[in-house]
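A.B. asks: Here you go, sequence then predicted model.
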Amino acid sequence: MSHRAIASRTSQSLRHFLRGDTCPNRHFGRRWVLCVAGALVGFLLANMAVAATVLYSPPRRVDALFGDVFGTGTFVRGHEGYCVTRVSRNGLRAPEPAAVLASPVRILFVGDSYTEAEQVMDTQTFVLRVQEMLRARGEDAVCINGGLSAMSPAGYLYLADAFRKTYHPTRTVVQVGDGDFGSELFNRRRKGYWVVRTSTGLVAERGGSDARRTWARGLLARVPVAQWLFLKWQSDSTSEDTASAASLTVDQALVEEIVGRLRTAYGPNTIVVYAPSIDYFGNPAQPTITESAVHSACESLGLTFVDTRAAFADSYAKTKQPLSGFWNTSPGKGHWNAAGHSVVASEVVRALGATSTTTATSPVGRASR
Amino acid sequence: MSFTTWQYLLFLTGCLVAVRLLGNRKASRVFLLLASCAFYAFWEIRLVPLFLAMAAVTYFIGKSIRQAPTPQLRTGGLWAGIVINLFVLGLFKYYSFFASSLVSIFRIHVETNLGLILPIGISFVTFEVLSYVVDVYRGDPEADSLLDFTLMVMFFPHLIAGPILKPRDFLTQLINSLHVSWNNIEEALPGFLMGFAKKALVADSLAQFVDPVFARPHFYSSLTVWLAVIAYALQIYCDFSGYSDMAIASAKGFGLTIPPNFNMPYIALNVSDFWRRWNISLTRFLTDYVYIPLGGNRKGLVRASGNTMIVMLISGLWHGAGWNFIVWGGMHGIAMVTHRLFRAVVPVRASGPTKTGVFAAWLATCIFLCFAWVFFRAASFSLALQVIAKMLHVGYTDGIAWIPPSLIVALAAVALATWIGLRYGQPQRLRVLSFGGGFTIVFVVLVVLAFSPTNASPFIYFQF
């Protein structure tokens, strides 16, 4: 067969295909229009299904103080647990600053995804549970959820000023975990915040926002299906990073230095809450190397260390229900569930009870007065 | 190259376009054979020659049977075909199992690991070539050419996990019906989308629940273990029937008809009924080539019961080289024999069964199937016993309570699909150039991509 014959046959076949074997030519255009209309309706419905059940978030924006954060609006997450919440004007899962400042006791909770707690509803987060417990015992306290997913101590150090200017906290609780003290802290490519070593010690830095990237993410946020597929595609590389971070050995000196800087930034009466990695199918009571290192650093620096591991292990022994993991993922793995937040809240309230929430002041608090 | 990947979609599209351009000619069949070899080579290129050799040897044995001058030579050809192909299957799939069983029972020294790779799909291919040899011996015409026969064996939509084809029917189609048209594609689309959704959306989601529970059953509550067993029953159905749907649809795109392999198996009212609805091509093979030659039910109740047990034990062993599978097959055999004996004592009423009776039969069948699936799924016999103990509340029954939403959604979806299937039958065609066509394709694809888990599980039947 000559090239010309092949080309002719190909184009003939293509025309035949596109028109359909039984489709009369005069209906050809109308059928395509109907097909495209159906596709559009299918696309819209699929987006609505994803937005209602798995993922919906306002487009991200760059805040002068808090950097790259979600815009104000309703926020839905359903791929691990389920939550519907509202993002405040400064991109946090917290009340608006004006409402916070009316209260005499303002407790700031700084942390990563364990504190932000996208997996549970507002009233189930340990931050709001602490507020409820304090109010139940007569303290007019407001708890501010300053958790931001994928954050690290580098971010907590960098944002200390932003928190102080926005909320004027009287007390701060910093939540840390296993992945927070490895070499990833120095990684300029990940998480948006990192630390660098200078002649005066460790200094936290923030990456500049890429306008083009922000624009692209804004566009993605308007198409939940696309945003969700993008996140799924990204999750593989993230889990590899996490796995490599967890296998790192811990530098005790670095841990002490970071905890010391947190103490300087948030005050000597800062409470450190540790989010333990618990192996419910092995030995739940066995602490990790990082956990022991942070505990020892807090002790040497005189900070209150809230060790939730023992409470988690006790609760599991009694109820046989893990305090992390969800019905739509796998119990025992991942973030804290509602029961886990409840246990953490009790432990935090116990630690707060040891020192009065109203009288203690921190450099952050002092600076605000 | 799994059917649920974009690589397969590209591969299939390329093949359809090529066959469309080549037309119904020998060149199309040559192209499809090469494409099928490439498809298998995606998994393991070293094993492609093995399958080609099995096809070639079987083809020439078929030819020799047909041309044999005496009945003795014909019979000799038949046994040669059976022994050679079963030897290959035994060597690759069962040697290690039988050798290690001998070692543990008789305490003798035998090399248990020959270092052979288990060729994916070898059980399906072996049964197909065996059925060809037997059919030719029984008088069916042999394949016209080695090309046609090899293509039938290697044809990529059914190569890995069936359905097991009836050689005579499919060879005729390869010659007469191989043709790509818009109509064929529209007829193939509903099955392909349905299979894609069953596998990626339902089976893979349920695997996220089933795998951890079956790995550590003692950590979970009795209710959760029960739910995991039910979830596995749904998972394996959606996994295997999803694969079959996509295989049948892929072949339909080329104008080739592969008979359905499933017919709503979980509405079965007894285990025999279940096997008429589950992996129909395997049931047909075992009936035609094992049960009936053994005497079927023509030689009395006892002999029929024995034949049933033999067939079900073979079925169990065919599924996997392990005692779990033999127990699973044995359980099905015992259930079928029990049902046969029950029917011999209590015949069906002339006025038909009552609604209560139908419901009780359905429930009893479902519960039995769940218990049997435990042995099919558990990684070891001891784990299977742990699952059974949890289900029966024997010993320590406390544990993690986990009721996954994916199971609730899957149960509802399968029940709805079954009801629609019973009420309206299977969809015959999806007109792409219509509102419904555009909507269905976009909506189903996006929903499946969005709601399916990130880490997809391989098709369960690939291991057989």
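C.D. replies: Structure's in. What do you need?

A.B. asks: and the stretch 351-464 of chain B, which residues reach chain A?
C.D. replies: B:398-406, B:432-444, B:446-447, B:449-451, B:454 (Cβ under 8 Å from any Cβ of the partner chain). Placement of C-beta: from N, CA and C, glycine included.

A.B. asks: Out of these, which end up buried?
C.D. replies: Burial by neighbour count, 16 or more other Cβ atoms under 10 Å in any protein chain shown: within these this picks out B:399-402, B:404, B:406, B:432-435, B:437-444, B:446-447, B:449-451.

A.B. asks: Restricted to helices, list those residues.
C.D. replies: Assigned to helices by DSSP state H, the following of these qualify: B:406, B:435, B:437-444, B:446-447, B:449-451.

A.B. asks: Which positions within the helix or strand of chain B at the bottom of the mean pLDDT ranking qualify as buried?
C.D. replies: Lowest by mean pLDDT, DSSP states H and E among the helices and strands of chain B is helix B:95-106, with a mean of 79. Of the residues in helix B:95-106, B:Tyr95, B:Ser96, B:Phe97, B:Ala99, B:Ser101 count as buried by neighbour count, 16+ other Cβ under 10 Å.

A.B. asks: For the second one, give me its contacts.
C.D. replies: Right, the one you point to is B:Ser96. B:Ser96 makes contacts with B:Thr112, B:Asn113, B:Leu114, B:Ala321, as judged by Cβ atoms under 8 Å, 6 or more residues apart in numbering or on different chains.

A.B. asks: From A:Glu80, how far out is it?
C.D. replies: Here the criterion is Cβ to Cβ, to the nearest Å. By it, B:Ser96 lies 41 Å from A:Glu80.

A.B. asks: Report the spatially nearest residue to the spatially most central residue of chain B, omitting neighbours in sequence.
C.D. replies: With distances taken as Cα atoms, centre = their mean, chain B has B:Asn279 as the residue nearest its mean C-alpha position (5.1 Å). What sits nearest to B:Asn279 in space, not counting adjacent residues and going by Cβ to Cβ, 6 or more residues apart in numbering or on different chains, is B:Asn261, at 6.1 Å.

A.B. asks: Which residues are in contact with the one you found?
C.D. replies: B:Gly162, B:Pro163, B:Phe240, B:Ser241, B:Ser244, B:Ile248, B:Asn279, B:Ile280, B:Ser281.

A.B. asks: give me that answer again for 6 Å
C.D. replies: Listed by Cβ atoms under 6 Å, 6 or more residues apart in numbering or on different chains, the contact set of B:Asn261 reads B:Pro163, B:Ser244, B:Ile280, B:Ser281.

A.B. asks: in the stretch 51-200 of chain A, what spans have low per-residue confidence?
C.D. replies: Within the stretch 51-200 of chain A, the stretches with pLDDT under 70 are A:189-191.

A.B. asks: Apply 80 and report the result again.
C.D. replies: By pLDDT under 80, the low-scoring segments of the stretch 51-200 of chain A are A:182-184, A:187-191, A:200.

A.B. asks: all strands in it, in order from the N-terminus.
C.D. replies: Remark: strands assigned in the stretch 51-200 of chain A by DSSP state E, counting those that start in this stretch are A:55-56, A:60-63, A:67-70, A:73-77, A:83-87, A:105-111, A:141-147, A:171-177, A:193-198.

A.B. asks: which bits of chain A sit near chain B?
C.D. replies: A:13, A:17, A:20-21, A:31, A:34-35, A:37-39, A:41-43, A:45-46, A:50, A:225, A:228, A:232, A:235, A:281, A:320, A:327-328, A:330-331 (Cβ under 6 Å from any Cβ of the partner chain).

A.B. asks: residues in chain B within reach of chain A, list them.
C.D. replies: Selection of chain B residues close to chain A by Cβ under 6 Å from any Cβ yields B:20, B:181-183, B:212, B:216, B:398-400, B:402-405, B:433-435, B:437-439, B:442-443, B:446-447, B:450, B:454.

A.B. asks: let's see it at 7 Å
C.D. replies: Counting by Cβ under 7 Å from any Cβ of the partner chain, the residues of chain B close to chain A are B:20-21, B:181-183, B:208, B:212, B:216, B:219, B:398-405, B:432-439, B:442-443, B:446-447, B:449-450, B:454.
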